[in-house]
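1. Turn this into a model:
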Amino acid sequence: MPTTGTASPDARPPAARPRWFNRTVLGAGLTSALGDLSYETVTVVLPGFLAVLGIPAAALGAIEGFADAAKSVAKTFAGHLADRLGHRKALVIAGYALTPIGQALIALALAWPLILAGRALAWIGKGLRGPLRDAIVIQSVTPATRGRAFGFHRALDTLGAVAGPLLGVWLLGWAGGLDGGLPGPLAEDPAGAFRLVLWLSLVPGVLAVLAFLVLVRDPGHAPNPALGLVRSLAGLPGGVRRYLAAVGLFGLGDYSHALLILAATTLLAPALGMVEAAQVAGLLYVLRNVVQVIASWPIGWLGDRIGHRPVLVAGYALGAGTALLAVLAFLDGEGQLPLLAALFVLAGLYTAVQEALESTVAADAIPPAILTTGLGALGTVNGIAKFASSAGVGLVWTTVSPIAAFALAAVLMAAGTVALARLR
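-> Model (predicted):
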């Protein structure tokens, strides 16, 4: 069926418009799965690695906070650079390549500065590739099937996030269980098992680069070397700017789900003991990721059928309800496992909605010439809000109470939901 409307530089004839499940969508999904498998394997062992090196917990918080901030800023600049150059694939490949390079620096580290450099480099790579990869996926399918394409992509992405922590825990147990049987310096170095896991994590990272290089085709668009960053951001339609404000308001309450793990551990510890409670909380987090994998594609399909924004509004409302359920869990105070399981299931559902539909809603309104810049701005808003939320909720938890912290999160998320629902 012929394409109607204003022609864009990346318009293609009907015969060239593929179905939503195509080589590029598959390649982007497979690449994301391998990338997540690589860096999530590192994430789960990094705190222990710092501990055996004698690096304090405060350093871990600073490292993660700096890395998240660097990733958020990189998203906008990467999107703008891609719009100026007119092509994105090489930049995405560079972004994926930075992750294993950064993780190699961590594996070599003896103190926190090199770990900071490695983590920041890996996270800058994540910032570079995210909006550019999303723009490639958007332009490889029709507007009516973006939800399904993004749902499939996010499902594979989260599958890597499920497998990564499990692989990291298993590899660490395997390496540590060898004790003196490990050859060479690993037999005498208490950090040897951690370093082995870090080196092995490079394998899926390299495979991610190869998968994107071989499978993904970038439709590209006309370059615009005179395009300025400030002018591009100012050129975003008013509706897009209001959408970013609603996303940011919701994001101010959208705390890191590491806090849910801490909540489950805290509530279960009186009955199970700290170690077993931490294990159960970790499994609940895996349950959250599994729910996200299962729900991502159906949610994308539903968005394509009834509208992306109404489904996103419902997902935001579910996020506010999840924070309220956390409040109820602490009010109950007994750490009932069914209630906590429900909490993590809801967290997986609303995250699936966010991941599948936030970019598609934005893409429906961003002019094609600055599409990647707009998606980069969305990523930056999300990243800054997420950082502020996690720090703020954690601070209220520490200084007041966890009930007050999650209640504050629920209020902010509900305000973001209302703001999104009121947009035209």
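2. got the contact list for the nearest residue to H153 once chain neighbours are set aside?
-> Leaving aside its chain neighbours, H153 sits nearest to G29 (4.5 Å; criterion: CB to CB, 6 or more residues apart in numbering). C-beta here means a position set from N, CA and C on the backbone, and glycine is covered the same way. By CB atoms under 8 Å, 6 or more residues apart in numbering, the contact set of G29 is 152-153, 155-157.
3. Please tell me how far G29 sits from R23.
-> 11 Å (CB to CB, to the nearest Å).
4. Kindly report the domain assignment for the protein.
-> Listed domain ranges for the chain are 17-220, 228-424 (source: automatic domain parsing).
5. quick one: low-confidence parts of the stretch 101-250 of the chain?
-> For the stretch 101-250 of the chain, the stretches flagged by pLDDT under 70 are 176-190, 220-235.
6. What ranges does it have for its helices?
-> Along the stretch 101-250 of the chain, counting by DSSP state H, counting those that start in this stretch, helices occupy 112-139, 146-177, 192-200, 202-215, 229-234, 238-251.
7. Would you mind listing the buried residues in the last one?
-> Neighbour-count burial for helix 238-251, counted by 16 or more other CB atoms under 10 Å, picks out 240, 242-244, 246-251.
8. Put together TSV for these, with distance to F194 on each row.
-> Converted to TSV, these look like this (distance: CB to CB, whole Å):
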residue	distance to F194
V240	44
R242	46
Y243	42
L244	40
A246	42
V247	37
G248	37
L249	39
F250	37
G251	33
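9. L105: which of those is nearest?
-> Proximity of those to L105 (CB to CB) peaks at G251, which lies at 29.6 Å.
10. number of nearby residues for the closest residue to that closest one other than its chain neighbours?
-> Spatial nearest neighbour of G251, excluding adjacent residues (CB to CB, 6+ apart): A385 at 2.8 Å. A count of nearby residues for A385, using other CB atoms under 10 Å, gives 22.
11. same deal with the one 5 residues further on?
-> Other residues within reach of S390, judged by other CB under 10 Å, total 21.
12. Correct me if wrong: it contacts H257.
-> No. S390 lies out of contact with H257 (CB atoms under 8 Å); the separation is 9.5 Å.
13. Now P237: closest residue in space, sequence neighbours ignored.
-> Per CB to CB, 6+ apart, closest to P237 is A365, 5.9 Å.
14. swap in D36?
-> Spatially, and ignoring its direct neighbours in sequence, D36 is nearest to G160 (3.0 Å; CB to CB, 6+ apart).
15. got the contact list for that neighbour?
-> G160 neighbours (CB under 8 Å, 6+ apart): 32-38, 40, 204.
16. go again using 10 Å as the cut-off
-> Neighbouring residues of G160 by CB atoms under 10 Å, 6 or more residues apart in numbering: 29-41, 167, 204, 208, 289, 293.
17. And for A365?
-> Here A365 is in contact with 236-240, 242-243, 309, 374, 423 (criterion: CB under 10 Å, 6+ apart).
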